[in-house]
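Visitor: what's the 3D shape of this:
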Amino acid sequence: MSASTIARTSASVPDVPVGRKPPHRRHVRRAVTKSLWNVLGILVGLLMIFPVYWMVSSSFKTGVNLQRIVPQWFPAPFTTASYTRAFEQPRFLGSLLNSLIVVTGTALASLVIGFLAALALGRMNFRGRKALVVLVITIQMVPIEGLIIPMYLMLNKYGLTDSAWGLMLAYLSFVLPFTVWMLRGFIAAVPVDLEEAALVDGCTRGQAFRRIILPLAAPGLVATTVFAVIQAWNEYLFAYVLLKQNSKQTITVWLDTFITTKGVDWGALMAASTVVALPIVLLFAVIQRKVAAGITAGAVKG
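Guide: Residues are numbered from 1 along each chain as shown. So this is what the prediction gives:
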């Protein structure tokens, strides 16, 4: 082999540092890793969606197919008899109205109180502010089960059990800390110079608040409001313990009416559960991007 041939051959082969894998191997490894993560994500998604699918499909099955030992994956024959029995159950509309009242009150109270508290923590300098922020986060970590007994004793002392007001106060105990923590991140991220510039331009403190802080904190307001609505709508334990009269029960407690001493009407229970879950699913489907953006931005800014 001539010297010129050896020179051309060596020039055509790229130099690879010692101990480093060739570029094509790195690309293959990245592609395989990405594919594995995608497969894992799909499996996790299917695992989370399957209970919802089973609930919806079971609501359209007949009673015989629901009791089969071998599960029926698709409703055949397709029937809506379970929905008819669910809507014929007493106190459906009353329980739905009670839930709407409690959810609306909880969302509004958490939004107003939480925003004012977050404004104080994000804008005012006072002794113990950092400790108070840590306390807010710590309260968020307390499980709901740990609050049941002290909350019941406190509300019972002031005659607030078996009432919508008492239930809203109970919901605020775990909704409000998240609201304060989230909104504080948005308010702290708003430069003070913007407010000062607005004041110099002739705006009052209230006008600067409405024109500067509120628009920039809007994603956080949406995210925390949706969080409060979801928590108050889906909550069962507090409503079951605090509300004794059937006329005051919420929609989640109303689902217990399908469980009797004679057995469980699984078809009607699945149909009612689907109807109860539908408003939250539709709400989240409409504003999911704003909620995701608000939670992400609030977590980063906080």
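Visitor: Name the residues of stretch 227-245 that are buried.
Guide: Neighbour-count burial for stretch 227-245 flags 227-233, 235, 238-239, 241-243 (criterion: 16 or more other CB atoms under 10 Å). For glycine as for every other residue, the C-beta is placed from the backbone atoms N, C-alpha and C.
Visitor: got it, and stretch 56-69?
Guide: If you call a residue buried by 16+ other CB under 10 Å, then stretch 56-69 has these buried ones: 56-62, 65-66.
Visitor: Name the next helix or strand following the lowest-mean-pLDDT helix or strand in the chain along the chain.
Guide: The least trusted helix or strand in the chain, going by mean pLDDT, DSSP states H and E, turns out to be helix 3-12, with a mean of 50. Going down the chain from helix 3-12, the next helix or strand is helix 23-59, by DSSP states H and E.
Visitor: on contacts alone, who are the packing partners of that next one?
Guide: Counting contacts by 3 or more CB pairs under 8 Å, 6 or more residues apart in numbering; DSSP states H and E, helix 23-59 is packed against helix 266-301.
Visitor: Find the residue at the geometric middle of the protein.
Guide: Nearest to the mean C-alpha position of the chain, by CA atoms, centre = their mean, lies residue 227 at 5.0 Å.
Visitor: so which helix or strand takes in that one?
Guide: Going by DSSP H and E, residue 227 is part of helix 218-234.
Visitor: how far out from the middle of the chain is that helix?
Guide: Distance of helix 218-234 from its chain centroid, counting by CA atoms, centre = their mean, to the nearest Å, is 7 Å.
Visitor: now stretch 227-244
Guide: Relative to its chain's centre, stretch 227-244 lies at 14 Å (CA atoms, centre = their mean).
Visitor: for the record, mean pLDDT for it?
Guide: Average pLDDT, stretch 227-244: 90.
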